[in-house]
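# turn this into a structure:
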Amino acid sequence: MKPVVPPFPNARLRRLRQSPALRAMVRENALSPSDFIWPVFVMEGTDAEEPVASMPGVMRRTVDRIGAAAREAYGLGIPAICVFPYTGMEQRTEDCALAWSPDNIANRAIREIKSAVPEMAVMTDIALDPYNINGHDGFVENGQIINDRTVDALVKMALTQAKCGADILGPSDMMDGRIGAIRAALEAESHQNVTILSYTAKYASAFYGPFRDAVGASSALTGDKNTYQMDPANTDEAMRLVQRDLSEGADMVMVKPGMPYLDIVRRVKTEFGVPTFAYQVSGEYAMMQAAAANGWLDGDAVMMESLMGFKRAGCDGVLTYFAPAAAKLLNG
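Residues are numbered from 1 along each chain as shown. Okay, the predicted model is just below:
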């Protein structure tokens, strides 16, 4: 039903904008710290942190420090944290075997967070790129990304992460069939309550550059990821991917990157009505931070405006590096 708007001057739409109280009463969307998932980077070592140069304000932390960071975030009202490992070239191999080791830094971080803050939901990343000497999300054979062999490895990753205490698995690899294979394995191994948040519409984007620095993948990557990540020109394909992943057992779906793809978020939410998330990726974060550092933008204002844009587009939640800073502002 279309709203009935009487002619001017009976309708003065500015009336409802006259004061903070009136604006608050009619505000259509609201942000809360519970809308955020905070991505964090873990590295080898002891009692150390180091900044990610291309992501001002973002740190890599050793596992022994990740529990304290999670505790602080949970105290701000942030319900979930997503773990990404930084791995040097010396740890990367053709067979990617470290990816499903229970003692890799990501899995150690899961256990550390669950020990420090049992109530916090821990999300993981499922893809081979942090462990692959070639920097790709899947196995590389004769220059090709091999789908089915990769899916077998991703299942092993998923099961190990579930055994280590992960609450939410985030397959970010974009291989065909991986959601169904992971869901079947979780059911078979009595991990039926583990949630899958699928990176369903992950585009082959130039906005990922700083993230690849953060996880040590920039120097490892050979070629590009265009054969498995989505073409930025496509929208209908994203709907097919959402339908497929839901049918295979995904509980929630994600669009990545975020702000340049809010049209995709809106289509997903409108057409499927499922829990829908977006990732405000490293390039988006870095651009705003750089502009704020140069005095070109009000950093806090654009941070909050960008996050509200996700909610307005239909997101149930956002993965964002701004999570602690935004939560502090929202908490006053």
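# show me where this structure has strands.
Secondary structure of the chain by DSSP state E: the strands cover 36-43, 49-51, 59-62, 80-85, 121-123, 139-141, 144-146, 168-169, 195-202, 252-256, 276-280, 317-320.
# now do the third one, average pLDDT.
Along strand 59-62, the predicted local confidence has a mean pLDDT of 96.
# cool, and stretch 270-287?
Taken as a whole, stretch 270-287 has a mean pLDDT of 97.
# and that stretch, what's buried?
For stretch 270-287, a neighbour-count test (16 or more other Cβ atoms under 10 Å) marks 274-286 as buried. All C-beta spots, glycine's among them, are computed from the backbone N, C-alpha and C.
# export the residues you listed as JSON lines, with columns for distance to residue 306.
As requested, the buried residues of stretch 270-287 are exported to JSON lines (distance: Cβ to Cβ, whole Å):
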{"residue": "274", "distance to residue 306": "23"}
{"residue": "275", "distance to residue 306": "21"}
{"residue": "276", "distance to residue 306": "17"}
{"residue": "277", "distance to residue 306": "15"}
{"residue": "278", "distance to residue 306": "11"}
{"residue": "279", "distance to residue 306": "13"}
{"residue": "280", "distance to residue 306": "7"}
{"residue": "281", "distance to residue 306": "12"}
{"residue": "282", "distance to residue 306": "14"}
{"residue": "283", "distance to residue 306": "13"}
{"residue": "284", "distance to residue 306": "7"}
{"residue": "285", "distance to residue 306": "9"}
{"residue": "286", "distance to residue 306": "13"}
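# just to revisit the earlier point, residue 7 is nearest to which of the strands of the chain?
strand 276-280 (37.8 Å; Cβ to Cβ).
# now the angle between strand 195-202 and that closest one, please.
Between the axis of strand 276-280 and that of strand 195-202 there is an angle of 60 degrees, by axes from the mean of the first three to the mean of the last three Cα atoms, to 10 degrees.
# and the angle for strand 276-280 with strand 252-256?
Using the same axes, to 10 degrees: strand 276-280 against strand 252-256 is 30 degrees.
# circling back: can you lay out the strands of the chain as JSON lines showing distance to residue 243?
Formatted as JSON lines, the strands of the chain follow (distance: least, Cβ to Cβ, whole Å):
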{"stretch": "strand 36-43", "distance to residue 243": "24"}
{"stretch": "strand 49-51", "distance to residue 243": "41"}
{"stretch": "strand 59-62", "distance to residue 243": "37"}
{"stretch": "strand 80-85", "distance to residue 243": "25"}
{"stretch": "strand 121-123", "distance to residue 243": "23"}
{"stretch": "strand 139-141", "distance to residue 243": "27"}
{"stretch": "strand 144-146", "distance to residue 243": "23"}
{"stretch": "strand 168-169", "distance to residue 243": "20"}
{"stretch": "strand 195-202", "distance to residue 243": "9"}
{"stretch": "strand 252-256", "distance to residue 243": "10"}
{"stretch": "strand 276-280", "distance to residue 243": "13"}
{"stretch": "strand 317-320", "distance to residue 243": "21"}
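# what lies in contact with the helix or strand of the chain with the lowest mean pLDDT?
When the helices and strands of the chain are scored by mean pLDDT, DSSP states H and E, helix 209-214 comes last with a mean of 77. Contacts with helix 209-214, where a contact means Cβ atoms under 8 Å, 6 or more residues apart in numbering, come from 41, 52-55, 58, 60, 84, 86, 135, 217-218, 221, 281-283, 285-286.
# from residue 162, how far out is the nearest residue to residue 55 once chain neighbours are set aside?
Once flanking residues are discounted, residue 55 sits nearest to residue 210: 4.8 Å by Cβ to Cβ, 6 or more residues apart in numbering. In this structure, residue 210 and residue 162 are 29 Å apart, going by Cβ to Cβ, to the nearest Å.
# check residue 194 too.
Counting by Cβ to Cβ, the gap from residue 194 to residue 162 is 5 Å.
# check residue 266 too.
Taken as Cβ to Cβ, the span from residue 266 to residue 162 is 32 Å.
# so between those two, which is more surrounded?
residue 162 (21 against 16; other Cβ atoms under 10 Å).
# right, and the more buried one touches residue 183 too?
No. With contact defined as Cβ atoms under 8 Å, residue 162 does not count as touching residue 183 (11.4 Å).
# nice, that's everything, thank you.
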